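sequence unknown, structure follows:
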């Protein structure tokens, strides 16, 4: 009789002190779309950069920019392999850039843009992409519209930025939050992402399920950066070695019925140290740069 009593006491202790999520219903996060569904997002990105000499105490601002664009997606079909066939069209683009050298503004809907910006950015609203995405968020079979591919072949820096918007890595960023298994609140999983604006390096993002309700799911994420050039970067008669560290974190709110993003907020801070050598005079200097980014994505219809 004593051993039965001890067994019951032990069982009660296990039940009362066990973590709540041991018995909680796991959440399955995967895309659940229907043919004809449409999703339109406004994406806003701000960037600030400040530099200082290694011996200085304070930073001086040398860049402040804001960009906003709209992307419209429609589910064209549900394929035999279970993937969703999606068409994406880029719509209005606006930006403001304030730097030490000059200030620039652009609005794809305006008629009075600077001619140079018009020539480099006119094709942004011609970008049309078709791609597959699996319920697990894996992007494949990306096809670009011919009007974009044929017209966008200059070497201008802004034009190359436009090309980045038509890359698979940009689209992958929109769907790379999905875990491989069902998860409980508080669970974490790792997703690798290639970031075009960080030398196309791959970083591990740690995601966690922070909130679940009847109509939405919230995920938190974070990644730490550490990068050092292996070889000097030669530019404008100078040789540079760059070391950068930083962190990127934020959250995504998903619709509980289809697990598509309702909103996403990302904050990134990067600290860079740049060791420069003048190729002719051999003069050496060290400077530091602090860069902050904030990106928000919101479903508007």
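Thanks, I have it. Note that the structure is predicted; figures quoted are calculated from it, not measured.

what about the helices in the stretch 51-200 of the chain?
115-121, 146-151, 157-165, 168-175 (DSSP state H, counting those that start in this stretch).

and the closest residue to residue 135 other than its chain neighbours, how many neighbours?
Leaving out its chain neighbours, the residue that sits closest to residue 135 by CB to CB, 6 or more residues apart in numbering is residue 30, at 4.3 Å. Using the backbone N, CA and C atoms, a C-beta is placed for each residue, glycine as well. Per other CB atoms under 10 Å, the neighbour tally for residue 30 reads 14.

now residue 177
21.

so who does it touch?
Residue 177 is in contact with 29, 137, 191, 207, 219, 221, 252, 254, 261, counting by CB atoms under 8 Å, 6 or more residues apart in numbering.

Bridge partners for the fifth one, pull those for me.
Legend: beta-bridge partners of residue 219 under DSSP bridges are residue 209, residue 252.

My read is that it contacts residue 212, right?
No: taking contacts as CB atoms under 8 Å, residue 219 lies outside contact range of residue 212: 10.1 Å.

If you count surrounding residues, which of these two has more?
Comparing residue 219 with residue 212 by other CB under 10 Å, the one with more neighbours is residue 219, at 22 against 17.

What segments of the stretch 1-150 of the chain are strands?
38-53, 60-78, 84-99, 103-107, 128-133, 139-144 (DSSP state E, counting those that start in this stretch).

picking up where we left off before, narrow the contacts of residue 177 to just the buried residues.
29, 137, 191, 207, 219, 221, 252, 254, 261 (16 or more other CB atoms under 10 Å).

could I get those residues as TSV with distance to residue 131?
Rendered in TSV, the data for the buried ones among the contacts of residue 177 read as follows (distance: CB to CB, whole Å):
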residue	distance to residue 131
29	20
137	12
191	18
207	22
219	23
221	23
252	20
254	20
261	16
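
By pLDDT, give me the weakest of those.
Minimum pLDDT across the buried ones among the contacts of residue 177 is recorded for residue 191, with 90.

what sits against the residue nearest the centre of the chain?
When CA atoms, centre = their mean is applied to the chain, the residue found nearest the centroid is residue 173 (5.2 Å). Residue 173 makes contact with residue 193, according to CB under 8 Å, 6+ apart.

separation between it and residue 185?
Distance, residue 173 to residue 185, using CB to CB, to the nearest Å: 24 Å.

just residue 291 next, same as before
34 Å.

And residue 222, by the same measure?
Distance from residue 222 to residue 185, by CB to CB: 17 Å.

Just want to check the distance between residue 106 and residue 95.
5 Å.

Residue 212 now?
37 Å.

cool, and residue 114?
In terms of CB to CB, residue 114 sits 12 Å off from residue 95.

just residue 242 next, same as before
Distance from residue 242 to residue 95, by CB to CB: 25 Å.
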